[in-house]
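Novice: structure of the sequence below:
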Amino acid sequence: MKEFLCDIVVVGSGPAGLAAAVAARKNGAEKVLIVERDISIGGILQQCIHPGFGLEYFDEELTGPEYAQRFFYKAQSAGVEWLLDTTALEIREKQLVCVNRDGMIKINFGALILAMGCRERTRANLAIPGSRPAGIYTAGTAQKLINIYGHRIGKDVVILGSGDIGMIMARRLTLEGANVKAVVELMPYLTGLKRNKVQCLDDFEIPLLLSHTIVDITGTDRIESVTVAPVDDEKRPILERSYIIPCDTLLLSVGLIPENELSKTGNVALSNMTNGAIVNQFMQTSVPYVFACGNVLHVNDLVDNVSIESETAGVSAARYIQGTLPVGTMIDIIPGSGIRHICPQKIVPGGNDRITLYFRVAEPASNICITASAGQRILATRYISYISPGTMEKLILSVEQLASLEETVIVSAELVEGRK
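Specialist: So this is what the prediction gives:
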């Protein structure tokens, strides 16, 4: 069994892993190693050939592969190393156990950064009744088959879920000559970004059926049709109003799950709300030498946010191995009224850095005031004219606001009457 020694190991070479590795290397970590199970660097960005990346981070519009290439060059020039086609199996005490074609590998480290991304929910997660024919894909799988391997997956398509990947694939399939008959969404609102609805559905006149779901799938060898029904306020299908949509392909865009099986082997505490690790403002988990960032921590809507957040993880991991990362009793940050979840979930008082809180709201709303409070003290407020669960929002706490913090921080979303 081979053994390696390095300062920092990063698991995953997507946008999170690359940004974290570069930041760690630039902040004093001598040997930074990326472990990647794929045969190439870039993660999910390699199959995202559509534009829309980099508007915030690079101040220009890039495709996914272009965005990944920028960070690949950054990592290369910074001296980051990598092991490709290598799967991380288990976290032990400051040791990562991996396997590749050469056999088992033990990597001893000073700090570990988790950047494994997320996976898609499948039909099994939804328990949709009906037969089990060919032609049913998750949206990401369909994207890879078309954009990486050049396969045509179907002619008449229905998409379940209005997540960003599903809407982007509605446009992609239309451009490939397919007939996308409908995007079906259980919720009464869009679950992805509004810009993707405009650019991918509205511009191509693809119907969006809100408050609807699929209640049956028919077909023997290949899917032949789906049965769609509206749902009531309790999300229960109204079967007497159901109808059939003939199709030969069904795409599922029904949510993402952070890939934390590896995290569990290291006894990293996970959040019941995000399914990712519980972290403080340094992206440090409940295991002090383990950090997490990107979609393995919480599902983001913009890759630019992933990169910014992951740089924090890289800097913090470098500070940890140098013994300069602040420590102390942590204060909880919890979601209040109108907030679905928030990250980070804890704060270590002190330090010289402001803290960016990332959060999603529970439902769409207009004229909202976001407030962070600790006891009777208001730490920060932000007014938003329209807010949706499909968009990740931010609230920034300044260094001055955090200096004497002793009480639990609550972030809430409240309606502002009379404000336009």
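
Novice: contacts only, for A134.
Specialist: By C-beta atoms under 8 Å, 6 or more residues apart in numbering, the contact list for A134 reads 221-223. All C-beta spots, glycine's among them, are computed from the backbone N, C-alpha and C.

Novice: so what's it bridging to?
Specialist: R222 (DSSP bridges).

Novice: quick one, helices of the stretch 51-200 of the chain?
Specialist: All helices of the stretch 51-200 of the chain, identified by DSSP state H, counting those that start in this stretch, fall at 64-78, 123-126, 139-147, 164-175, 194-196.

Novice: most tightly surrounded among those helices?
Specialist: Of all the helices of the stretch 51-200 of the chain, helix 164-175 has the most neighbours on average by mean count of other C-beta atoms under 10 Å, namely a mean of 23.

Novice: nearest spatial neighbour of the spatially most central residue of the chain, skipping sequence neighbours?
Specialist: Nearest to the geometric centre of the chain sits V299, at 2.4 Å (C-alpha atoms, centre = their mean). Residue nearest to V299 in three dimensions, not counting chain neighbours: L256, with 4.8 Å by C-beta to C-beta, 6 or more residues apart in numbering.

Novice: what does H298 give?
Specialist: Spatial nearest neighbour of H298, excluding adjacent residues (C-beta to C-beta, 6+ apart): T274 at 4.2 Å.

Novice: now do the same for I39: helix, strand or coil?
Specialist: coil (DSSP: H, G, I helix; E, B strand; the rest coil).

Novice: wait, what's in contact with it?
Specialist: Shown here is I39, whose contacts under the criterion C-beta under 8 Å, 6+ apart are 84-85.

Novice: now do it against T63, distance only.
Specialist: To T63, I39 is 20 Å away according to C-beta to C-beta, to the nearest Å.

Novice: possible to save the helices of the stretch 51-200 of the chain as CSV with mean pLDDT and distance to I370?
Specialist: Formatted as CSV, the helices of the stretch 51-200 of the chain follow (pLDDT from 0 to 100; distance: least, C-beta to C-beta, whole Å):
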stretch, mean pLDDT, distance to I370
helix 64-78, 97, 29
helix 123-126, 88, 31
helix 139-147, 96, 30
helix 164-175, 96, 22
helix 194-196, 91, 19
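
Novice: closest to K106 out of the ones you listed?
Specialist: Checking the helices of the stretch 51-200 of the chain against K106 by C-beta to C-beta gives helix 64-78 as the closest, at 23.3 Å.

Novice: part of a helix, is V306?
Specialist: Yes - with three-state DSSP as the criterion, V306 is assigned to a helix.

Novice: R319 belongs to a helix, doesn't it?
Specialist: Yes - counting by three-state DSSP, R319 is part of a helix.

Novice: what is the least confident helix or strand in the chain?
Specialist: helix 399-402 (a mean of 76; mean pLDDT, DSSP states H and E).

Novice: return the set of buried residues in it.
Specialist: 401-402 (16 or more other C-beta atoms under 10 Å).

Novice: repeat for stretch 353-361
Specialist: Neighbour-count burial for stretch 353-361 flags 355-361 (criterion: 16+ other C-beta under 10 Å).

Novice: now pLDDT, secondary structure and distance to E240 too, for those residues, in CSV please.
Specialist: Below are the buried residues of stretch 353-361 laid out as CSV (pLDDT from 0 to 100; DSSP: H, G, I helix; E, B strand; the rest coil; distance: C-beta to C-beta, whole Å):
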residue, pLDDT, secondary structure, distance to E240
I355, 90, strand, 52
T356, 91, strand, 48
L357, 94, strand, 45
Y358, 95, strand, 42
F359, 95, strand, 39
R360, 94, strand, 34
V361, 94, strand, 33
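
Novice: just the closest of those to G110, please.
Specialist: I355 (24.5 Å).

Novice: any idea what that closest one is bridged to?
Specialist: If you apply DSSP bridges, the partners that I355 bridges to are L397.

Novice: isn't it up against Q345?
Specialist: No - the criterion here is C-beta atoms under 8 Å, and I355 misses it with Q345 at 11.8 Å.

Novice: how many neighbours does V290 have?
Specialist: By other C-beta atoms under 10 Å, 24 other residues sit near V290.

Novice: okay, the nearest residue to it once chain neighbours are set aside: pLDDT?
Specialist: Nearest non-adjacent residue to V290, counting by C-beta to C-beta, 6+ apart: L112, 4.9 Å away. L112 carries a pLDDT value of 98.

Novice: let me see the contact set for the residue at the greatest distance from the centre of the chain.
Specialist: Most distant from the centre of the chain: E240, at 36.9 Å, with distances by C-alpha atoms, centre = their mean. With contact set as C-beta under 8 Å, 6+ apart, E240 has no partners.

Novice: wait, is it part of a strand?
Specialist: No - looking at E240 with three-state DSSP, it is helix, so not inside a strand.

Novice: contacting residues around L208?
Specialist: L208 is in contact with 162, 182-183, 185, 190, 197, 201, counting by C-beta under 8 Å, 6+ apart.

Novice: surely the residue nearest to H298 touches R340?
Specialist: No - when contacts are counted by C-beta under 8 Å, T274 is not listed as touching R340 (9.2 Å).

Novice: neighbour-wise, which of the two wins?
Specialist: T274 (22 against 14).

Novice: list the contacts for C369?
Specialist: Neighbours of C369 in contact, by C-beta under 8 Å, 6+ apart: 381-384, 413-416.

Novice: which SS class is it?
Specialist: From three-state DSSP, the assignment for C369 is strand.

Novice: how close does it get to S385?
Specialist: From C369 to S385 the distance is 11 Å (C-beta to C-beta).

Novice: ditto for A75
Specialist: Using C-beta to C-beta, A75 is found at 39 Å from S385.

Novice: try R241
Specialist: In terms of C-beta to C-beta, R241 sits 35 Å off from S385.

Novice: what does G161 give?
Specialist: Distance of G161 to S385, given as C-beta to C-beta: 26 Å.
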